[in-house]
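Colleague: following is a predicted model, sequence given first.
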Amino acid sequence: MKSLLLDCLADRVLVYDGAMGTQLQAAGLTPDDFVLRSPSPFSLRREVERTDVGDSASLQAVAMRLNGISLDGCNELLCLTRPEVVAGVHASYLEAGADLIETNAFGTISYVLGEYEISELVYDLALASAQIAREQADLFSTSNKPRFVVGGIGPGTRLVSLGQASFQDVETSFFDGFRGMIEGGADALLVETTQDLLMVKASIVAAERALAACQTRLPIFVQVTMEQTGTMLLGSEIGAALNMIEAFPSVVAFGLNCATGPVEMAQHVRFLGQNSTRPIAVQPNAGLPIMEKGQAVYKLSPEELGQHHLEFVEKYGVALCGGCCGTTPAHIKAISDAVGGHKHTADAHWIKVRNTYPGFDFSTPAPELPTPNSLVGISSLYQFQPYDQDTSFLIIGEKTNANGSKAFREMLAAENWEGLTELARELEGEGSHVLDVCTAYVGRNEEKDMRTLLSYYNRHIQVPLMIDSTEVNVIEAALQMVAGKPIVNSINFEDGEERTRKVLALCRKYGAAVVGLTIDEKGMAKSADEKYAVAERLIARTREFGLPDHDLFIDTLTFTLGSGDEEFRTSAIATIDAIAMLKKHYPNVNTVLGVSNVSFGLKPALRQVLNSTFLHFAREAGLTSAIVHASKILPENKIESEVWKLASDLVFDRRAFAEA
Ligand code: THG
């Protein structure tokens, strides 16, 4: 992506603007300023540049319908009614030294504007906000100090993870909003003050679609809000947020704004400095709000804020510095004096990544590079889960699966969602790091069940999820229901390339890891060499779609040893050997097995032993994760040595076993 903004960001610290709302309030506006009359001279002038006639028609229609009614307090409307006031605020921040100004479009979301019955104005307001900011930025730009417009939209009033708006609602509205921003001349797209990672995900998907629709590329920025509690509003840790964001290469800067001042933000900024592969943005409030006469006031002085930013820049590699609530042009001037133009010298992860891989471009990932990610793993709405579990393996709970559990199946049939949630909580309690979720049940609607179940699991389950389905539509529905970064289970080449390509495109679009099964057009690969060959094809394909190697889990599959079938007696050996080959040649690629498959058809006590033994040897060969019933896995020292030996003989097809 060629972008002057990114070139400048790569070179030096850039300064953002400060609060918009309070500056507008200070302009002494009256209810009359919030009346949309038929198009103002400003918007008429812009009308000629418009490409989309339908939208200007909706503007006319709204003006007629409102018929002089004041939408007092709808600051976004000022972009149409008092553009010069909005422009004045931008100018004051540009004068103070801001490199970037953010559009006056915080509430430009259909259901927020809907409170004023102007939900159809998302595009028009976004367009106007960007045009106003563009004009001011251009007026202040010099070749030494170009100024940039960030087309920013806030979080809205509804939480997707709580079901108050759907993924589609957000995606549709942000598509219109971002399209307006792009056509109005924005240099970057931003979603800010966000509280819900599922909403963030929907807005990133929307930004991507808007950029594609406008046939252009702009950097996407994301900023989350960490509350005083130390998490986002719904309980998301900063690591969950960063891990999810990093699954989207188009997000080129990530950071924080609002809720607290710099002191309270420091722990999160440190975390980002240590882990983020993307430049870090920080826009704190001017301290914590203090209530005075029923009003929130912010007391941090401009100089203090500037000093905090200097520390953030020097210690944690913060690259975009600005202010949120309570900050004024004086604050931005102080920030500009303290850090403006500062080179990136900190010992921060993203700076190291940039220096180590000079060609590394976030918009064209290079999975063959050793991974620059510090957070290698997946996430839920709440937490980050590393793939590497130190002394353990990544434990994927098997029981939240309609194919794998009678209890699950019965509760699904009864639509006992609370019971299904309780079952998932039990697996969490048993130590599962991830849950494999499958709602495929004959006679029921798999997609609908997946949506409903995930609306519960997203909110109530702390660990990340694995989406287990063979249906493309079910997978996409699931990806729209879970915050954080899930794993999709699975792809294979049974029916050739088409379905696999579709699923990989979805993993890219929604930010997910993926399981690849060693199955091709000839069926399930049997020998270790065949399994390895299909694995190489899976690796090539996931790389082609820009997924890093660590986000692919190769499943080298095994047949049951429980049938006694001559043909399958060496099946486990082939599975284990293929894992060892992959470990050797693709050390970053993960591996997974549905361990219980190995013992289908055997008695429960023997199954437990055989599963545990098989898992043990697969792990010795390098297996990194497994779908298991965690509480039923026994370590070697908990199994009688005679029994252990018998089970090992079965795994390795030692004929002594058969003859005994
Ligand atoms: N690879 C990948 N995904 C998979 C599998 C795999 N997903 C499904 C399955 N295989 C792994 N999950 C299970 C879950 C349960 C059982 C086996 C594998 C199981 N269940 C008991 C049975 O069927 O006898 C039922 C127990 C009950 O009803 O409570 O064995 O290989 N990528």
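Modeller: Nice, I can see it.

Colleague: Q23 reaches A91, doesn't it?
Modeller: No - Q23 lies out of contact with A91 (CB atoms under 8 Å); the separation is 10.8 Å. Heads up, the C-betas are built off the backbone N, CA and C, glycines and all.

Colleague: so which of the two has more stuff around it?
Modeller: The residue with more neighbours, out of Q23 and A91, is Q23; 21 against 18, by other CB atoms under 10 Å.

Colleague: which helix or strand contains the more buried one?
Modeller: helix 21-25 (DSSP states H and E).

Colleague: list the buried residues of that helix.
Modeller: Across helix 21-25, burial judged by 16 or more other CB atoms under 10 Å covers Q23, L24.

Colleague: just how off-centre is that helix within its chain?
Modeller: Helix 21-25 sits 32 Å away from the centroid of its parent chain (CA atoms, centre = their mean, to the nearest Å).

Colleague: nearest residue to the residue in the stretch 401-550 of the chain that the ligand sits nearest to in space, please, no chain neighbours.
Modeller: Residue of the stretch 401-550 of the chain nearest the ligand, by CB to the nearest ligand atom: G404 (2.4 Å). Of all residues not flanking G404 in the chain, E398 sits nearest, at 5.2 Å (CB to CB, 6 or more residues apart in numbering).

Colleague: which residue is nearest the centroid of this protein?
Modeller: M244 (3.1 Å; CA atoms, centre = their mean).

Colleague: what packs against the biggest helix by length in the chain?
Modeller: Counting by DSSP state H, the longest helix found in the chain is helix 122-140. In terms of contacts (3 or more CB pairs under 8 Å, 6 or more residues apart in numbering; DSSP states H and E), helix 122-140 is packed against helix 41-47, helix 53-66, helix 78-81, helix 83-96, strand 100-102, helix 110-113, strand 148-153, helix 167-183.

Colleague: out of the ones you listed, nearest to L517?
Modeller: With CB to CB as the measure, helix 167-183 is the member of the helices and strands packed on helix 122-140 nearest L517 (27.6 Å).

Colleague: quick one: work out the angle between the helix or strand following the closest one and helix 167-183.
Modeller: Next along the chain after helix 167-183, taking DSSP H and E as the criterion, comes strand 188-194. Relative orientation of strand 188-194 versus helix 167-183 (axes from the mean of the first three to the mean of the last three CA atoms, to 10 degrees): 140 degrees.

Colleague: what does strand 188-194 contact?
Modeller: Identification of contacts with strand 188-194 by CB atoms under 8 Å, 6 or more residues apart in numbering yields 5, 100, 102, 106, 148-155, 174, 178, 181-182, 200, 203-204, 207, 210-211, 218-225, 232, 257-258, 283, 324.

Colleague: residues near the closest residue to the ligand within the stretch 151-300 of the chain, how many?
Modeller: Here the residue of the stretch 151-300 of the chain nearest the ligand is A247; by CB to the nearest ligand atom that distance is 19.8 Å. When neighbours are counted by other CB under 10 Å, A247 registers 24.

Colleague: so T591, which state does it fall into?
Modeller: strand (DSSP: H, G, I helix; E, B strand; the rest coil).

Colleague: residues touching the residue in the stretch 501-650 of the chain that the ligand sits nearest to, list them.
Modeller: Proximity of the stretch 501-650 of the chain to the ligand (CB to the nearest ligand atom) peaks at G594, 2.2 Å away. Residues counted as contacts of G594 (CB under 8 Å, 6+ apart) are E398, D555, L557, A626, I627.

Colleague: quick check: the farthest pair among those?
Modeller: E398 and L557 (14.8 Å).

Colleague: more neighbours: those two, which one.
Modeller: In this view E398 and L557 are compared by other CB under 10 Å, and E398 has more residues nearby, 27 against 22.

Colleague: any idea how far that one lies from K638?
Modeller: 20 Å (CB to CB, to the nearest Å).

Colleague: picking up where we left off before, quick one, which of the helices and strands packed on helix 122-140 is nearest to the ligand?
Modeller: helix 167-183 (25.2 Å).

Colleague: now do that closest one against helix 122-140: the angle between them, please.
Modeller: 30 degrees.

Colleague: list the buried ones in helix 167-183?
Modeller: For helix 167-183, by 16+ other CB under 10 Å, it's 167, 169-183.

Colleague: what is the nearest of those residues to I467?
Modeller: With CB to CB as the yardstick, the closest approach to I467 among the buried residues of helix 167-183 comes from F167, at 14.4 Å.

Colleague: ok, the closest one - contacts?
Modeller: Taking CB under 8 Å, 6+ apart, one finds V160, L198, K201, A202, Q480, M481 in contact with F167.

Colleague: any chance of the residues you listed in JSON lines, plus pLDDT?
Modeller: Converted to JSON lines, those look like this (pLDDT from 0 to 100):
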{"residue": "V160", "pLDDT": "98"}
{"residue": "L198", "pLDDT": "98"}
{"residue": "K201", "pLDDT": "98"}
{"residue": "A202", "pLDDT": "98"}
{"residue": "Q480", "pLDDT": "98"}
{"residue": "M481", "pLDDT": "98"}
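
Colleague: out of those, which end up buried?
Modeller: Neighbour counting with 16+ other CB under 10 Å marks V160, L198, K201, A202, Q480, M481 as buried within the contacts of F167.

Colleague: so where do the strands sit in the stretch 401-550 of the chain?
Modeller: For the stretch 401-550 of the chain, applying DSSP state E, counting those that start in this stretch gives strands covering 434-437, 465-468, 487-491, 513-517, 519-520, 523-524.

Colleague: for L234, give its distance to I573.
Modeller: 47 Å.

Colleague: just to revisit the earlier point, ok, and which of the contacts of G594 reach the ligand?
Modeller: Among these, the residues that sit close to the ligand (CB under 6 Å from any ligand atom) are E398, D555, L557, I627.

Colleague: assign S236 to helix, strand or coil.
Modeller: coil.

Colleague: ok, and the closest non-adjacent residue to it?
Modeller: According to CB to CB, 6+ apart, the nearest residue to S236 is L197 (5.4 Å).
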